[in-house]
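Asks: only the shape, not the letters, is given here:
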């Protein structure tokens, strides 16, 4: 794939920064974009070894990788990772806001500290990182791509996940506002909304998804992180140059099951996290 925003000089490559790319969707995205010809900025929170493995796979694809720790509970300072990685890699063309966290705590039992942590990591942190990234892209004058990884819970609620749903819903609407405001600078902004994906966050990394049965999902199984990465790579590439302000569900049809599930659930088990 040709670089989407060629930089001066015949050897320059486009650069993508993927937050939370030490495992799961983030790692799969880093490798996929490296295979598409991009140099990669990798961030990690606790799993430095995982980040180094991602960097190894990026380099094995023939691209450059730089790593930085990122703790989005330490705001606004944490967003400086965007500036540091941009400086080390020479430019910034694509930002993928992938870092996230959640909770399975009933609404009535939530404490303020938990709510603030989830909202900071899932909404305020991506806001600040995207703001930094957009400034770099505007200064370069060649446009760019920002992709926010939300969730099916950007669109539909889940019992026990109040702050997560609030943050992901907010990130989805933030995506639309950013798309409107950054369009004049040639920057597209989209969301990718995964359903159940086999990652560490769902306790399923390295699972063969074809062997897992999910009767309530139309395709009958969870998703693989590489299936999400493929959609992110499309949005980060030249073929998506006229796509902005959209939310792309990668969920095996899960979101289409709302009323259907409501008429077929056999008991009240759904009322408990």
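Replies: Happy to help now that I have it. A quick note: this is a predicted structure, and the numbers were derived from the prediction, not measured. Numbers count the residues shown, from 1 in each chain.

Asks: for the longest strand seen in the chain, packing partners?
Replies: Across the chain, the longest stretch assigned as strand under DSSP state E is strand 187-194. Other helices and strands packing on strand 187-194, by 3 or more Cβ pairs under 8 Å, 6 or more residues apart in numbering; DSSP states H and E, are helix 125-140, strand 144-149, helix 162-182, helix 225-236, strand 247-250. All C-beta atoms are positioned from the backbone trio N, CA, C, and that covers glycine.

Asks: just checking, next helix/strand downstream of the shortest one?
Replies: Towards the C-terminus, the helix or strand next in line after strand 247-250, according to DSSP states H and E, is helix 258-264.

Asks: hang on, the earlier thing: name the stretch among the helices and strands packed on strand 187-194 that sits most buried.
Replies: Ranked by mean neighbour count, these are led by strand 144-149 with a mean of 27 (mean count of other Cβ atoms under 10 Å).

Asks: centre of the chain to that one, how far?
Replies: Here strand 144-149 is found 8 Å from its chain centre; the criterion is Cα atoms, centre = their mean, to the nearest Å.

Asks: one more: stretch 124-135?
Replies: Worked out by Cα atoms, centre = their mean, stretch 124-135 lies 13 Å from the chain centre.

Asks: sheet partners, orientation included, of the longest strand of the chain?
Replies: strand 144-149 (parallel), strand 247-250 (parallel) (DSSP bridges).

Asks: now do that strand and helix 162-182, the angle between them.
Replies: Orientation of strand 187-194 against helix 162-182 (axes from the mean of the first three to the mean of the last three Cα atoms, to 10 degrees) gives an angle of 160 degrees.

Asks: immediately after strand 187-194, which helix or strand?
Replies: Moving toward the C-terminus from strand 187-194, the next helix or strand (DSSP H and E) is strand 197-198.

Asks: which stretches of the stretch 151-273 of the chain have low pLDDT?
Replies: 199-207 (pLDDT under 70).

Asks: coming back round to it: adding distance to residue 173, write the strands paired with strand 187-194 out as TSV.
Replies: Listed next are these as TSV, based on distance: least, Cβ to Cβ, whole Å:
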stretch	distance to residue 173
strand 144-149	11
strand 247-250	10
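
Asks: ok, which of the ones you listed comes nearest residue 190?
Replies: strand 144-149 (5.6 Å; Cβ to Cβ).

Asks: and the closest one, average pLDDT?
Replies: Here strand 144-149 scores 98 as its mean pLDDT.

Asks: show me what it is in contact with.
Replies: The contact list for strand 144-149, computed with Cβ atoms under 8 Å, 6 or more residues apart in numbering, reads 4-5, 25, 92-98, 100, 126, 130, 133-134, 137, 171-172, 174-175, 178, 182, 185-192, 194, 228, 232, 235-236, 240.

Asks: one more time with 7 Å
Replies: Contacts with strand 144-149, where a contact means Cβ atoms under 7 Å, 6 or more residues apart in numbering, come from 5, 25, 93-98, 100, 126, 130, 133-134, 137, 171, 175, 178, 187-192, 194, 232, 235-236.

Asks: go on, stretch 172-190?
Replies: Stretch 172-190 is contacted by residues 127, 130, 134, 137-138, 143-148, 150, 154, 191, 235, 240, 243-248 when judged by Cβ under 7 Å, 6+ apart.

Asks: what does stretch 256-273 give?
Replies: The contact list for stretch 256-273 (Cβ under 7 Å, 6+ apart) reads 104, 106, 156, 159, 160, 216, 218.
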